[in-house]
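S.K.: please work out how this folds:
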Amino acid sequence: MARTDAGDRREFSDLIAPHRALLMGLAHKLCRNGGVEPEDLVQDTLERALLHFESLRGWSANTRRAWLCTTLQRRFLDHCRRQRTENNEGPHLELLHAPVLVREPRQWHSWEHVSEEELHEAIACLRSPLREAFELHTAGLRYKTIAEKLGTTPGTVGFWLHQARLELRSLLRPLASARSEELAA
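M.R.: Here you go, the predicted structure:
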């Protein structure tokens, strides 16, 4: 919310007031082991609520309460993750005196040596539903659209695409390895 007038502030306060005690109680429960101050956690949650004020206005009190509690818990998890990263990576980062970017020579992956023709031949070797799903997906269609075209569910399409990739990998790996060895020699 870019600008708030006195009426908006009062309305925001009225929307949030019934939930403050619950938020503070939840924050104290989550922060009992230290690391994050409960008041800061509630403040972060209220800042998020202010950003989503227009949406909160139209929701019921129960929906607002659920949103506020979920947001508070997510903010708590964000704080924990940040703290864990700082604790784990901080000492190592202090050892670095200056950022040094050294570009290694590009390593070619063996699959990059497979020609387009070989790829199309491998796709043609796939079993029927796997091949059809893979071709539709490479044409840019979404899982839901592919499922509608093939008369199945999006979950099945995801499974077929996973299986197609596994089969393509097993079909192309020997070709790619042989080509890599030829180029290395």
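S.K.: I123: which element?
M.R.: Using DSSP states H and E, I123 sits within helix 116-124.
S.K.: ok, residues contacting that helix?
M.R.: Under the contact criterion Cβ atoms under 8 Å, 6 or more residues apart in numbering, helix 116-124 has outside partners 131, 134-135, 168, 171-172, 175. Placement of C-beta: from N, CA and C, glycine included.
S.K.: buried ones among those?
M.R.: Taking 16 or more other Cβ atoms under 10 Å as the criterion, what is buried in these is 131, 134, 168, 171-172, 175.
S.K.: please narrow the residues you listed to those residing in helices.
M.R.: Secondary structure from DSSP state H places 131, 134, 168, 171-172, 175 of the buried ones among the contacts of helix 116-124 in helices.
S.K.: and which of those is nearest to R48?
M.R.: F134 (41.3 Å; Cβ to Cβ).
S.K.: can you count the residues close to the residue nearest to that closest one when sequence neighbours are not counted?
M.R.: Nearest residue to F134, sequence neighbours excluded (Cβ to Cβ, 6 or more residues apart in numbering): A164, at 4.2 Å. A164 has 22 neighbours, counted by other Cβ atoms under 10 Å.
S.K.: ok, A164 touching R131?
M.R.: Yes - taking contacts as Cβ atoms under 8 Å, A164 lies within contact range of R131: 7.1 Å.
S.K.: could you report the separation of L172 from H162?
M.R.: As judged by Cβ to Cβ, to the nearest Å, L172 and H162 stand 16 Å apart.
S.K.: oh sorry, the question was meant for E135
M.R.: Applying Cβ to Cβ, the value for E135 to H162 is 15 Å.
S.K.: do T153 as well
M.R.: T153 is 14 Å from H162, where distance means Cβ to Cβ.
S.K.: which helices and strands does the lengthiest helix in the chain pack with?
M.R.: When the chain is parsed with DSSP H, its longest helix is helix 61-94. Helices and strands touching helix 61-94, by 3 or more Cβ pairs under 8 Å, 6 or more residues apart in numbering; DSSP states H and E, are helix 20-30, helix 38-51.
S.K.: just those: most buried one?
M.R.: The highest mean neighbour count among the helices and strands packed on helix 61-94, using mean count of other Cβ atoms under 10 Å, belongs to helix 38-51: a mean of 17.
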